[in-house]
Every structure is written in structure tokens, then in C-alpha cells.
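Visitor: I need the structure of the sequence given here:
(one chain, ligands or ions: 1)
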Amino acid sequence: MKLHTLEAWSLRDLIRDGSVTSTDIVESFLDQIRARDAEIGAYITVCGEQALEAAKHSDERRREGRTLSDWDGIPAAIKDNISVKGVANTCGSHMLAQYHAPYDAHVVSLLKQAGMPILGKTNMDEFAMGSSTEFSALKTTRNPWDRQKVPGGSSGGSAAAVASHQAPWALGSDTGGSVREPAAFCGLVGIKPTYGRVSRRGLVAFASSLDQIGMLTHSVRDGAALLQLLAGHDELDSTSVRREVPSYESVLGAGASGLRVGLLGGASQQGLQPEIHEALEQAACFLADQGAEIQEHAFPLLDKAIETYYLVATAEASSNLARYDGVRYGLRVEGSDTGEMFRRTRSEGFGPEVKRRIMLGTYALSAGYYEAYYRKAQQVRTMIRDGFLELFEKVDVLLGPTTAASAFGFGEKPDPLQMYLTDIYTVPANLAGLPAIHVPVGLDHGGLPIGLQITASPFAETNALRSAAVLETFARNRGWNR
Ligand code: GLN
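Guide: Numbers count the residues shown, from 1 in each chain. You can find the predicted model right below:
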């Protein structure tokens, strides 16, 4: 049996029956990494020895009847901006290429406490800025469905690792779509939880009011399980919320009966790839057949989403990235005085996209422009959030596209603005702090995955997961098979 092709849930059942050990599972993934990753490029660091050691301990615990959780012994991959103690945490940048994390991110401690081995750290756009992983300063990651296409980004390494069966599931971060867009390009389920649902301690900050850790999995059931493990308050992250975590698994079979679904339609669908448009309409019919009430609504202020996001995100990034000054973290390039040392370190350490964002953000925050740009963007952001909250008085979830098209080719978006526009359907959930899930529903004419996005009101992950599970049935009925 090819263990590495199974979803996490099936691995869990096998390990529980005693038919396989954690060591068998971890070895199967490490073999697959050796066989595939030279070609795919998903991992920056593979933690083979540590993962096998953790698997051995898990097997011992199981033999002695003292397992730590249901997931004891099931491994995971982690995006390279989420700290794993003692392991390189490069953020896809020369700036941090030699930096090792001094502590575990809260989510990583939770995985370890559950007994889960860490397979390695995955490639990403530098400091999570990008939509294709082409902005990684360290390596190229290819889409396992078509190696001439990008895997999406910025969590492209995590998506490619799961899609090529080099990890059963993976963590990513989503500031403007970086979990959902690569999930869409690689045919996976991608979950961005509500802002505040999952602790971000140990996630390297990009845009602090937007950043959220999310999960990339083969199925909604796996995604729900991983969210269950990671959701909850962390007293060391002041943005994490003290609020009860419901049972996510128990809503998965609830079906669509009585669910109020807002179909995000109208003008916003003009640029959609025809197959995505068609899937969206068919999905709405399917949900209606299953007893959902479908209402048509417009995407709140969709035409303002990209400029609002790119002002807020760059402003916060320029401030967050000020800490890379050659003194405290990572790279230092010496100069004749401190000023020159700063200049050289930052000039050589950051790649062009990161520099562009620091400059844009610094400009937007500078005296005389703050009111016109950052303040204005925050006001529009509030309007976008209010627009969504008003919709959620009428509907339980919104159904719409995640991306306008399937994966694009390397070098196909040389103009930064074109790259930014790929995020049009994903940034609204971050601006409004909402949970959103990408669900794959089929392949396009070129054999590339396409899918749809479900968005719910703050902390209503249960509604989003319940609907996502129905969409998964829809996908299976139309022949989707990962
Ligand atoms: N593609 C978006 C950006 O470049 C989102 C990135 C992210 O979610 N980290 O900012």
C-alpha cells in the first residue's frame, strides 16, 4: 500500500488499527520526498532525522498505550515562515537564509504536543509576498499537476508538497489568499480561519492585521481535523480570541438543508474562466437540490478590494520588516559605519518585490500622505467588512470563485499589478477578518484543478466547513478525484 497517497484521516485509521506504524508512514513520505522533490522543489529544509526520531517515540507511546492524541504519529509539513525550534526559518529570503528559529510557533507546539512529526519546511514567496512562489529568493517550486505552471503562492511549497504526496497535509499562512490560492492551483482544500481563531505567535509577521495561519489538505475532513487541533486562545498572542472552539468534525455530515447560501454573482464574474463560472452555477444548483436556499448577492465593494489590500498590507509590511537591520536577525553585510551597514544589509538581503512593498508602504505612511492613503484604506476596509456583515444577516455562507483562472505559467505575470490582480477574490476575507475555504471541484480543459470558495461570518467556520463538505460531494459527483 502506498501510504503517502492517503489522506491524513485514513492514515490515522490505519495507525490506530495497528496495521501500520508512524515510522512506516514517515518513511513512506521521506521516500516520496527523495523520489519527487528534486523535480517539484516543495521543501527548503527536510527534517528527516528529527521526523523519524519523533515517529519512533510515537510508536513507543502507542505500544505502551499512552498516545498523546488521535493524530499521534501523523506527520505534517510547515511553511518556512512558521517557527520550528532549531530549524532554519528562511521566509524564502536571503535575509533569513541562515536564521534558525529559537522557539516553536504556538501551532508547532500544538502539533508536537499531539505527537506529530514535522517533515520539513516548505518554500514560499519571499516574506509571503506573492501569488506564485516565483518570488522565493531560494528556489523554484513547480505545480505537481503541470510542471510548467506555478503552484500558486505564497504558500506554494506547502501546496506542492501535499499535492505531490510529499506530506499528508501542511500549514501555510494567508494574508491575502496565500493558503487558498495555492490550494486552488494545486487541487487541495485550503482553509483560512477567522482572524484571531488560530494563534500567530511564531509566524513571521507580514501584515499583522491580516495574517492568519491556515491549512492545506486533501479533504475537508482533514482540514477540519487540523483546524480543531490548532484553533483556540493563546495568551501570548494578543490577537487570538478567547472563545470556545466548537466541534468542526461534527458539522461535516449536516448537509445543505436549510442553509442560506449567497451566490456572489453579477459583474464580478465577467473575468472568470468559463469552466469556473460554469462550476459555480452548477454548484449553486446542486446546493439548491440539497435543500439550500440560494440568494444572489453582489460581492461587497469588490472593485476596491485590491487597492485597499495593497495599501494596508504594504504599510504594515514596511513597518514589520524594519526589524531586519543587520543587528538582530539574519544577514549582516558590514559597512564603514552603521548607516552603511543598514543600507548594504537591506539592499542585499531583500529581493525586488519585498523592496517594492517596503517603498510603497513607507510612502503610504509618510507625513502628508497618511491621511490620503493609509487612513482612507482603513476606512474603505471598514466599509468592506460592514458590507459582508450586512450580507451575513441574510445568508449563512457566500459561494464564489477563489481565483479567476487555474494556475498560470512561469514568467506569465511580469507586471506586479497583474500579479496583484490574481488576489481579487481572496483579499476581501482578510480585509474583513472572515473565515474562507477553497474546495476543488474539477479540472479545466488543460487538466488543471479548479475550485470554489466558501466564506462565512466571523467564527462561523462550522458553516463554512459544513458547506465545503457538500461541495466536496458535488465535486465527487462531477468526477473530481484527487
Ligand atoms: N498574494 C498576496 C500578496 O502578495 C497575498 C499574500 C499572502 O497571503 N501572504 O500580498
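Visitor: can we go C-alpha only for contacts and neighbour counts from here?
Guide: Will do.
Visitor: residues of the lowest-mean-pLDDT helix or strand in the chain that come out buried?
Guide: Sorting the helices and strands of the chain by mean pLDDT, DSSP states H and E puts helix 416-421 at the bottom, at a mean of 94. Going by neighbour count (16 or more other C-alpha atoms under 10 Å), the buried part of helix 416-421 is residue 420.
Visitor: right, and the helix or strand after that helix?
Guide: For helix 416-421, the following helix or strand on the C-terminal side (DSSP states H and E) is helix 427-432.
Visitor: dump that following helix to CSV, restricted to CA.
Guide: C-alpha atoms of helix 427-432 as CSV (Å, rounded to 0.1, in the frame of the first residue of the first chain):
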residue,chain,number,x,y,z
VAL,A,427,-8.2,39.5,-0.2
PRO,A,428,-11.8,40.5,0.9
ALA,A,429,-11.9,37.7,3.5
ASN,A,430,-8.6,39.0,5.0
LEU,A,431,-9.7,42.6,5.0
ALA,A,432,-13.0,41.7,6.7
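Visitor: give me the contacts around that helix.
Guide: Helix 427-432 has contacts (C-alpha atoms under 8 Å, 6 or more residues apart in numbering) with 174-177, 195, 210-211, 302, 305-306, 309, 381-382, 384-385, 388, 435-436, 455.
Visitor: and the buried ones among those, selectable in PyMOL?
Guide: Buried members of the contacts of helix 427-432, defined by 16+ other C-alpha under 10 Å, are picked up in PyMOL with:
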select buried, resi 174+175+176+177+195+210+211+305+306+309+381+384+385+388+435+436+455
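Visitor: show only the entries of the contacts of helix 427-432 found in strands.
Guide: With strands defined by DSSP state E, the entries of those inside them are 436, 455.
Visitor: the ligand next: which of the contacts of helix 427-432 are close?
Guide: Among the contacts of helix 427-432, the residues that sit close to the ligand (C-alpha under 6 Å from any ligand atom) are 174, 175, 176, 177.
Visitor: what residues does the spatially most central residue of the chain make contact with?
Guide: The centroid of the chain falls nearest to residue 179 when counting by C-alpha atoms, centre = their mean (2.0 Å). Taking C-alpha under 8 Å, 6+ apart as the definition of contact, the neighbours of residue 179 are 153, 154, 155, 172, 173, 190, 191, 192, 214, 215, 216.
Visitor: how does it look with 6 Å?
Guide: Residues near residue 179 by C-alpha atoms under 6 Å, 6 or more residues apart in numbering: 155, 172, 173, 190.
Visitor: please apply the same query to residue 107.
Guide: With contact taken as C-alpha under 6 Å, 6+ apart, residue 107 is in contact with residue 230.
Visitor: now it: which helix or strand?
Guide: Per DSSP H and E: helix 106-113 holds residue 107.
Visitor: can I get that helix in CSV, CA atoms only?
Guide: Listed next in CSV are the C-alpha coordinates belonging to helix 106-113 (Å, rounded to 0.1, in the frame of the first residue of the first chain):
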residue,chain,number,x,y,z
HIS,A,106,2.3,28.1,19.1
VAL,A,107,0.8,26.0,16.3
VAL,A,108,4.0,23.9,16.1
SER,A,109,4.0,23.3,19.8
LEU,A,110,0.4,22.1,19.4
LEU,A,111,1.4,19.7,16.7
LYS,A,112,4.3,18.4,18.8
GLN,A,113,2.0,18.1,21.8
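Visitor: heads up, I number from 6, so please use that
Guide: Shifting the count to begin at 6 puts that one at helix 111-118.
Visitor: quick one: residue 49 and residue 127 touch, right?
Guide: Yes: contact between residue 49 and residue 127 holds when scored by C-alpha atoms under 6 Å: they sit 5.3 Å apart.
Visitor: when those two are compared, which one has more neighbours?
Guide: With other C-alpha atoms under 10 Å as the criterion, residue 49 and residue 127 differ in neighbour count, and residue 127 comes out ahead with 32 against 23.
Visitor: all the strands of the stretch 356-487 of the chain, residue numbers only.
Guide: 402-406, 441-448, 454-461 (DSSP state E, counting those that start in this stretch).
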